[in-house]
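Engineer: here is the input, now give the coordinates:
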Amino acid sequence: MDSGGKQISMERVELPQLHEHPLVPFSPFVSSRCKVCSHFSRLFEVYIYGGYRCNELGCGWAVFHKDCANPLKEINHSFHPDHPLKLIIATLPLQDSQSHTCFCGRSFKDGYCCAICDFKLCLVCARRQEPLVLPENSYGGHEHPLKIVCDPYNRRSPELCKACVKYLDQTDHHYRCQECEEFAIHIDCLELFPEAYHMTSHPQHPLKSLRGHQVPDYADKNCLLCEKEFDQVPHHQLHHCDVCNVSICSLCMIDPPPVEVECMKTHEHQLHLVPRLIDFTCNACGTQGNRSPYFCLPCNFMIHRECIDLPRVININRHDHRISYTPRLGHGEWKCRVCRKEVVGFYGAYTCSKCPTFSVHARCATREDVWDMVEREGTPEEEEEEEIPPYQVIDDNTVKHFSHDHNLQLNKDGVILSENTLCKACIFQISSEPFYICKQHHCGFILHEKCANLPRKKRHVCNNLPFTLHTDSHYKFQCWLCYQHSSGFRYESGPFVTIDVGCASTSDLVEHESHPHPLYYCSSYEDSKPCSRCKRSNDRLFSCDECEYDLDGKCAILPEKVMKNRYDDHPLLLSYGDMDVDDEKYWCESCETKVDPKEGFYACNDCGVVLHISCVLGDFSYIMPGSFVSVDFTTPGYVYISEGSMTSSDEEVVSNTSICRPFCAACNSRCKLPSVLKVSKDGVVVCFCSLKCRYHIGK
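Structural biologist: Numbering: from 1, shown residues only. Got it, this is the predicted structure:
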């Protein structure tokens, strides 16, 4: 909806030669790379001021300049001034279409061609309009003419640009002296060095190009336009005005933001850039800014450039329903469900129509690790993929689960099953909980009732894309959150994130008995911290907002209850003892050593039995006994997938529930965990109690 409540349509553009999905237009500033013209750019990331992007799930970073997605049919170009160039477009998919060769040496599918002299130009070169030759003394007093060069087949030794002192990549357009061949300069650098005016944002004074050691201490180290901080690497440069103490990065010097922007769904009037250092509060997101807002004078409306064209309707991984952007929350006590800080009701934010108290900051909701990057505006909620139930109901006590070929029968009688009877989904004991069991004789397939009801699709805090339930039991994986190896059911999101069903049932909030305050999930690939309990360094933690306390996934999501085992017929509960009590009170029944109460332990409230966590749960506790695995000796802690029957390189996870426990071949102690690894080689069978012991012996 726009500010007046009017529905805004999402125009879609079909460009199969560029991208497999329809594209939708955008008018804000996207920091990305155009999929057409930026493949050979020396800039890792650029700003695209309006264009097209993909709006399909998992494909949100396919971005195109407007003129790259819809190029002109005919152009006149400085590289070929004698004749016009006509557009040639691949009619087949890119991998099957005919390839052409640009004058710069690159191969291309879409570009321009001269019908008279067969001159060809790729879309990358078509965006450039520089003269082919510069006369003598045109730059830096160099006495010879400079000619534009782009030779990807050049094998000469690397050269430095005379202006920015960066190496000239073989695919960079640059000017080079054809006589002495000792002078070369990037095209982009030509107009910026040694100084240049920025005509749209700072026309009153020239900006001097400065490199790391040349920048004065008092200089503003952030770009006036994009706010990016200047990198203090010696060869990096900024463009600085000594009179006004403002700096502009090279990217914004080359490709400045537009002075005027129209985006009707953000604001009904045209917005104008105010290129100066000025403190303001963004009306769209409610956060502070200190430079270059876009401004509407009649409405006294100010907005960050990155907040222009915020998505209207989205899904995030912190909530099960859609959320919608509103320009004003109104009065009330609002708290962001992502950062847990106050949301000021007089500015824009996201809310849920089904949950009246739910609110999220605009900046938090559109973070890359929170939003799935799909704009739902114009797509009715009922048209999205309907939730598929995990089973078909046959009768009151019988279902047909999608993971199994036979019907399953419900049992709620509280019958206590053998400790060797494990749920196929979570690999935990059934014990006395309600369960579904296969009605076929000798099949043995069994699920907890709660595991049979696991949704086939769900959202979870540890990835922005939705998760899908997979049930193939021959697949062994390592949970992305708790690091346990498992052969049970799993949830997958994208190609890299897989979590077990236990971790999938957690939220971003953990109430942990070891700490008085709630712990919230946070992930930062740039800031690993040690877990307060196990001291392992990690970038995925559950952290306290009030004090310095962090738990990694393995320590934060330990099962609260473990069913009966060889030491006790009652359930064992995860506990944390009184820190002031003498440690002598806690003694492990299994290994007969002390238990540190601060580290946590499992205990029976009925019998007083105490066990180390490591004596209850091991490396193979989440792998179904009878499974074959291949240990990867190059990556400690990793187990390869093994399908089908056992091979010579496979090793078997077996149950350790017999009266006589085997000795570990590495540490020579009795294997005390419920599952161990059995290795057979040259007719000799040995067991290992952990992966650490297995690596100690090696192949």
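Engineer: contacts, neighbours, all on C-alpha from now
Structural biologist: OK.
Engineer: got a list of contacts for stretch 520-532?
Structural biologist: 461-462, 508-510, 536-545, 549-552 (CA atoms under 8 Å, 6 or more residues apart in numbering).
Engineer: 10 Å instead?
Structural biologist: The contact list for stretch 520-532, computed with CA atoms under 10 Å, 6 or more residues apart in numbering, reads 338-340, 369, 461-463, 507-511, 535-545, 548-556, 599.
Engineer: ok now stretch 456-470, how far from the chain's centre?
Structural biologist: Offset of stretch 456-470 from its chain centre (CA atoms, centre = their mean, to the nearest Å): 13 Å.
Engineer: contacts only, for the residue nearest to residue 280 when sequence neighbours are not counted.
Structural biologist: Distances taken as CA to CA, 6 or more residues apart in numbering place residue 289 nearest to residue 280, at 5.3 Å, with adjacent residues excluded. By CA under 10 Å, 6+ apart, the contact set of residue 289 is 227, 277, 278, 279, 280, 281, 282, 302, 303, 304.
Engineer: name every strand pairing with the helix or strand harbouring residue 289 and say which way it goes.
Structural biologist: Following DSSP states H and E, one finds residue 289 within strand 288-291. Strand pairing for strand 288-291, using DSSP bridges, gives strand 277-281 (antiparallel).
Engineer: quick check: pLDDT value at the residue nearest to residue 280.
Structural biologist: We have a pLDDT of 94 for residue 289.
Engineer: coming back round to it: list buried residues within the contacts of stretch 520-532.
Structural biologist: If you count burial by 16 or more other CA atoms under 10 Å, the buried members of these come out as 338, 369, 461-463, 507-508, 510, 538-544, 549-556, 599.
Engineer: quick one: which of these sit in strands?
Structural biologist: Within these, residues falling in strands by DSSP state E are 510, 538, 540, 541, 542, 543, 544, 550, 551, 552.
Engineer: now the two most distant members of these.
Structural biologist: 510 and 538 (17.2 Å; CA to CA).
Engineer: the helices in the stretch 201-350 of the chain, which residues?
Structural biologist: For the stretch 201-350 of the chain, applying DSSP state H, counting those that start in this stretch gives helices covering 250-254.
Engineer: go on, the stretch 401-550 of the chain?
Structural biologist: Counting by DSSP H, counting those that start in this stretch, the stretch 401-550 of the chain has helices at residues 449-452, 501-504.
Engineer: pick the most deeply packed of those helices.
Structural biologist: Mean neighbour count (mean count of other CA atoms under 10 Å) peaks for helix 501-504 among those, with a mean of 21.
Engineer: for that helix, packing partners?
Structural biologist: Secondary-structure packing of helix 501-504 (3 or more CA pairs under 10 Å, 6 or more residues apart in numbering; DSSP states H and E): strand 467-470, strand 490-493, helix 553-556.
Engineer: relative to the first one, what are the paired strands and their orientations?
Structural biologist: So that's strand 467-470. When pairs are called by DSSP bridges, strand 467-470 turns out to pair with strand 457-458 (antiparallel), strand 490-493 (antiparallel).
Engineer: please work out which of those is packed deepest.
Structural biologist: Of all the strands paired with strand 467-470, strand 490-493 has the most neighbours on average by mean count of other CA under 10 Å, namely a mean of 24.
Engineer: let me see the mean pLDDT of stretch 625-636.
Structural biologist: 72.
Engineer: what's the end-to-end length of stretch 299-317?
Structural biologist: 35 Å (CA to CA, to the nearest Å).
Engineer: can you pull the buried residues of that stretch?
Structural biologist: Neighbour counts over stretch 299-317 (16+ other CA under 10 Å) mark 301-305, 307-317 as buried.
Engineer: closest to residue 105 among these?
Structural biologist: Closest approach to residue 105 among those (CA to CA): residue 305, at 37.3 Å.
Engineer: now the ones in strands among the buried ones among the contacts of stretch 520-532 as TSV including pLDDT and distance to residue 27?
Structural biologist: Shown next, in TSV, are those (pLDDT from 0 to 100; distance: CA to CA, whole Å):
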residue	pLDDT	distance to residue 27
510	91	40
538	85	38
540	87	34
541	91	36
542	93	37
543	92	37
544	92	39
550	92	41
551	92	42
552	91	40
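Engineer: ok so, going back, between the helices and strands packed on helix 501-504, which gets nearest to residue 25?
Structural biologist: Residue 25 lies closest to strand 490-493 among the helices and strands packed on helix 501-504, at 26.8 Å (CA to CA).
Engineer: related to what we said a few turns ago, for the strand holding residue 289, which positions count as buried?
Structural biologist: Using 16+ other CA under 10 Å as the test for burial, strand 288-291 gives 289, 291.
Engineer: could you do stretch 364-384 as well?
Structural biologist: Buried, per 16+ other CA under 10 Å, within stretch 364-384: 364, 365, 366, 369, 370, 371, 372, 373, 374, 375, 376, 377.
Engineer: show me what the longest helix anywhere in the chain is packed against.
Structural biologist: The residue-count maximum for a helix in the chain (DSSP state H) belongs to helix 691-697. Using 3+ CA pairs under 10 Å, 6+ apart as the contact test, the elements touching helix 691-697 are strand 628-631, strand 675-681, strand 684-688.
Engineer: what angle separates the longest one from strand 684-688?
Structural biologist: Using axes from the mean of the first three to the mean of the last three CA atoms, to 10 degrees, the direction of strand 675-681 lies 150 degrees away from that of strand 684-688.
Engineer: pairing partners for strand 675-681, with directions?
Structural biologist: Using DSSP bridges, the strands paired with strand 675-681 are strand 651-655 (antiparallel), strand 684-688 (antiparallel).
Engineer: in TSV, list these along with mean neighbour count, mean pLDDT and distance to residue 148.
Structural biologist: Output for those, formatted as TSV (neighbours: other CA atoms under 10 Å; pLDDT from 0 to 100; distance: least, CA to CA, whole Å):
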stretch	mean neighbour count	mean pLDDT	distance to residue 148
strand 651-655	20	89	63
strand 684-688	16	89	67
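Engineer: between those, which one is nearest to residue 478?
Structural biologist: With CA to CA as the criterion, residue 478 lies closest to strand 651-655 of those, at 15.2 Å.
Engineer: if we can go back for a sec, could you identify the most distant pair in the contacts of residue 289?
Structural biologist: 227 and 302 (16.2 Å).
Engineer: ok so, going back, out of the helices of the stretch 401-550 of the chain, which gets nearest to residue 209?
Structural biologist: Taking CA to CA, helix 501-504 is the member of those nearest to residue 209, at 52.1 Å.
Engineer: now the closest one: average pLDDT?
Structural biologist: Helix 501-504 carries an average pLDDT of 94.
Engineer: with stretch 397-407 instead?
Structural biologist: Averaging pLDDT along stretch 397-407 yields 94.
Engineer: start and end of it, how far apart?
Structural biologist: Terminal residues of stretch 397-407 lie 10 Å apart, using CA to CA.
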